[in-house]
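Enquirer: this one's sequence-less:
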């Protein structure tokens, strides 16, 4: 069934970069001349207090829109091509009308008595600069795509040309010898029968799960060099042996810290305007190969498609890449001028820049109209009561509906049934016992499933000696290792290939990408103040191509090495100390505790679900039910998590923790001193006094942070200005108005229940005010739009 197209009553100005950047003019227009393209599709007149304003929708604009969207409207919404053309013409005309209205309305609201000569007079310096930056970004994305296409096309042509030159002559075998391939547990490789004294053909690399292939060797002990297929004559039957090195799959990459957007459209401060895309200054940035942060480096040189460039003798990668950039610019300029029917590329740029100005003007209008919106406390109370009533109806007699609300609409859950109080979220940092250790435990479980005491003691002894790979905080799966001349070094695996100068495999490790003074494996992560602001600091890093730090680290304190569990607690305690010293607020502290714990989950955690948006509840972690309700987690994990949830939001230890709890040494009864206090040891083998072997069984150490106790009397704002007595009361199973719903890096961004309701109502009122203004204007000005049906009809006929 076709979906119904819904046309909103509120007009939205959509001014996207035209797809015609990539297509030659002759591929779009059937009647390929300037006069045809500039036929008027619709004439738009706005009659206002400041006089009459007019704008036109041109055929080339409708053509571009039609080529972009017709397929979706016809195939997804079930519209005809004729209806699509008419709908798009109407949308473009209404967009023009909206801009004319915004121009007058904003001028009036800013106290002007007449229309400005240019709408930029109505925008702040920040808005004008944003228009330039957004236009540049769209054009830059187009240039990158164009350059990638040029490189890919040239590489395909080169590859095909080389393929045609391949010698396919078969050599007759009169004196045969055989080359056999021992893949050492890898995929099978067929033996080769070749003429004595000739060379063997290098086969496709075999594969072996969990390993990287490191070539064929004539010696089964892999002494000497890798076998040279091209230059080694085979005079007798021989066997070649596959060399494998264990491969550790990278964890999920640590997300990049997003830079705070300091864009304020209403700022009255002057803002330096960015260089425009086709200006000489901007082009210089595109070709500047001297800086690591230049556009040339970040957008082109570091892109994956650069690997496809073929560099001829006498040239360098940089020079060839610059040629491609210049070619891409030339192609873009030609297409822009042809498709927009402008005489020069500057006019083309200004066409798109004006579109951005118009979009920002409409956004300014929406803000100014919405400024009159007000919210009363009575409205907040009514919204609160309505949501509480809805909660009660939804949660009545249903644990599943309550749990669903906590994981999907937490900010709309104001009522908490008495029987359900005690839920909370925990961030999980798991150190998982390796496959060899689990093989041992599974064998014991199969041999004697009732000997639980021996199985658990063996489990603990294996865990106390655990080490872990620590992910490189700088890891980037797209990064490559280059030599001193800037040429890519081909590596089988950056972690284990001796040709990588930045790992510790071949000796003489280059530490250029490590922190200054060398990696500190005792304080890999810290929470500290830098330049008067707290942040997470990494004290151990490697080259971005390396997924892990060079050295594994003990999970528990051992031989002078601070174990990872201890380090996690140290960094969390640094946040706690900053709160106690009143350098950050309690709410800011909860935010940073979550950030630190999540960082560790990315760096050392063996639970992919802890960092997956599909299962970690927007970063809060796993939802754990209170005692007396079913839990899908391991029993020991659940009990420990519940103790932290009871202790309150931000808890990461159950009671007092002492240094000896991190040394991993087992007590006389074979237990860990810190178990269920600073961490919890658990497994899926033993349950109800009996062990059950399973290929999917696992065991390990879990370090947990209670990221949010849903019903927590301490989760009230520490800000005395936040209203606390307007709405509900915890004695009535409803949250008080100063209950913190959103923790944040800055106190100004912390949201209480009152704030959440206030913001929701205010935003709805602003939208209503704006929509009312626009709809009233459209109703009064709709007769000012004249459509030229003949031109529209001819257009869709020509294009379909």
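Expert: On my side now, so go ahead. Here the structure is a predicted model, which means the values were calculated and not measured.
Enquirer: rest of the way, CA atoms for contacts and neighbours
Expert: Will do.
Enquirer: can you give me the end-to-end distance of stretch 691-705?
Expert: Using Cα to Cα, to the nearest Å, the end-to-end distance of stretch 691-705 comes to 29 Å.
Enquirer: who touches stretch 387-400?
Expert: 401, 402, 412, 413, 414, 415, 417, 420, 734 (Cα atoms under 8 Å, 6 or more residues apart in numbering).
Enquirer: recalculate using a threshold of 6 Å.
Expert: 401, 402, 414, 415 (Cα atoms under 6 Å, 6 or more residues apart in numbering).
Enquirer: which helices and strands does the helix or strand hosting residue 194 pack with?
Expert: If you go by DSSP states H and E, residue 194 is part of strand 192-195. Based on contacts counted as 3 or more Cα pairs under 6 Å, 6 or more residues apart in numbering; DSSP states H and E, the elements that strand 192-195 packs against are strand 176-182.
Enquirer: who does the strand it packs on touch, helix- and strand-wise?
Expert: Looks like strand 176-182 contacts strand 192-195, strand 238-246 (3+ Cα pairs under 6 Å, 6+ apart).
Enquirer: okay, the ones you listed in CSV with mean pLDDT next?
Expert: Below are the helices and strands packed on strand 176-182 laid out as CSV (pLDDT from 0 to 100):
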stretch, mean pLDDT
strand 192-195, 96
strand 238-246, 98
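Enquirer: can you put those strands in JSON lines and add mean neighbour count and distance to residue 148?
Expert: Formatted as JSON lines, these follow (neighbours: other Cα atoms under 10 Å; distance: least, Cα to Cα, whole Å):
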{"stretch": "strand 192-195", "mean neighbour count": "18", "distance to residue 148": "40"}
{"stretch": "strand 238-246", "mean neighbour count": "17", "distance to residue 148": "34"}
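Enquirer: between these, which one is closest to residue 687.
Expert: strand 238-246 (33.1 Å; Cα to Cα).
Enquirer: next, the angle from that closest one to strand 176-182.
Expert: 20 degrees (axes from the mean of the first three to the mean of the last three Cα atoms, to 10 degrees).
Enquirer: export the helices and strands packed on strand 176-182 as CSV, with columns for distance to residue 118.
Expert: Compiled in CSV, the helices and strands packed on strand 176-182 are given as follows (distance: least, Cα to Cα, whole Å):
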stretch, distance to residue 118
strand 192-195, 77
strand 238-246, 65
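Enquirer: and of those strands, who's closest to residue 75?
Expert: For residue 75, the closest of the helices and strands packed on strand 176-182 is strand 238-246, at 49.7 Å, according to Cα to Cα.
Enquirer: continuing past the closest one, what's the next helix or strand?
Expert: helix 280-286.
Enquirer: what residues of that next one count as buried?
Expert: By 16 or more other Cα atoms under 10 Å, the buried positions in helix 280-286 come out as 282, 283, 285, 286.
Enquirer: which stretches of the stretch 351-500 of the chain have low pLDDT?
Expert: Along the stretch 351-500 of the chain, segments meeting pLDDT under 70 are nowhere present.
Enquirer: quick one, strands of the stretch 451-600 of the chain?
Expert: Per DSSP state E, counting those that start in this stretch, the stretch 451-600 of the chain carries strands over the ranges 467-468, 525-530, 533-538, 553-554.
Enquirer: which one of the helices and strands packed on strand 176-182 lies nearest to residue 107?
Expert: Nearest of those (Cα to Cα): strand 238-246, 68.2 Å.
Enquirer: buried members of the contacts of stretch 387-400 into ChimeraX, please.
Expert: Buried subset of the contacts of stretch 387-400, written as a ChimeraX selection, criterion 16+ other Cα under 10 Å:
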select :402,414,415
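Enquirer: which two in the contacts of stretch 387-400 are spaced the farthest apart?
Expert: 401 and 414 (14.0 Å).
Enquirer: need the strands of the stretch 451-600 of the chain in JSON lines with distance to residue 124, can you?
Expert: Shown next, in JSON lines, are the strands of the stretch 451-600 of the chain (distance: least, Cα to Cα, whole Å):
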{"stretch": "strand 467-468", "distance to residue 124": "53"}
{"stretch": "strand 525-530", "distance to residue 124": "33"}
{"stretch": "strand 533-538", "distance to residue 124": "30"}
{"stretch": "strand 553-554", "distance to residue 124": "53"}
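Enquirer: winner for burial among those strands?
Expert: strand 553-554 (a mean of 21; mean count of other Cα atoms under 10 Å).
Enquirer: helices and strands around that strand, which ones?
Expert: Against strand 553-554 (3+ Cα pairs under 6 Å, 6+ apart) you get strand 467-468.
Enquirer: and the strand it packs on, what does it pack against?
Expert: strand 553-554.
Enquirer: tell me which strands the strand holding residue 194 pairs with, and in which orientation.
Expert: Sheet pairing here is set by DSSP bridges, and for strand 192-195 it gives strand 176-182 (antiparallel).
Enquirer: out of the contacts of stretch 387-400, which is nearest to residue 359?
Expert: residue 414 (37.7 Å).
Enquirer: residues in contact with that closest one?
Expert: 388, 734, 735.
Enquirer: distance of the residue most central in space within the chain relative to residue 446?
Expert: The residue lying closest to the centre of the chain (Cα atoms, centre = their mean) is residue 255, at 6.3 Å. In this view, residue 255 and residue 446 are 42 Å apart by Cα to Cα.
Enquirer: repeat that for residue 777.
Expert: Residue 777 is 78 Å from residue 446, by Cα to Cα.
Enquirer: of the two, which one has the most company?
Expert: Set side by side, residue 777 and residue 446 show more neighbours around residue 777, with 16 against 13, by other Cα atoms under 10 Å.
Enquirer: helix, strand or coil: sort out that one for me.
Expert: helix (DSSP: H, G, I helix; E, B strand; the rest coil).
Enquirer: related to what we said a few turns ago, residue 204: which of the helices and strands packed on strand 176-182 is closest?
Expert: strand 238-246 (11.9 Å).
Enquirer: quick one, what contacts the nearest residue to residue 753 once chain neighbours are set aside?
Expert: Nearest residue to residue 753, sequence neighbours excluded (Cα to Cα, 6 or more residues apart in numbering): residue 737, at 5.0 Å. By Cα under 6 Å, 6+ apart, the residues touching residue 737 are 724, 727, 753, 754.
Enquirer: tell me which residues touch the first one, please.
Expert: Shown in contact with residue 724 (Cα under 6 Å, 6+ apart): 737, 738.
Enquirer: secondary structure class of it, three-state.
Expert: coil.
Enquirer: now do the buried residues in the longest helix that the chain contains.
Expert: Criterion DSSP state H: the longest helix present in the chain is helix 125-164. Buried residues in helix 125-164, defined by neighbour count with 16+ other Cα under 10 Å: 125-133, 135-136, 139-140, 142-144, 146-148, 150-152, 155.
Enquirer: helices or strands next to it in the packing?
Expert: Checking 3+ Cα pairs under 6 Å, 6+ apart, helix 125-164 ends up next to helix 345-370.
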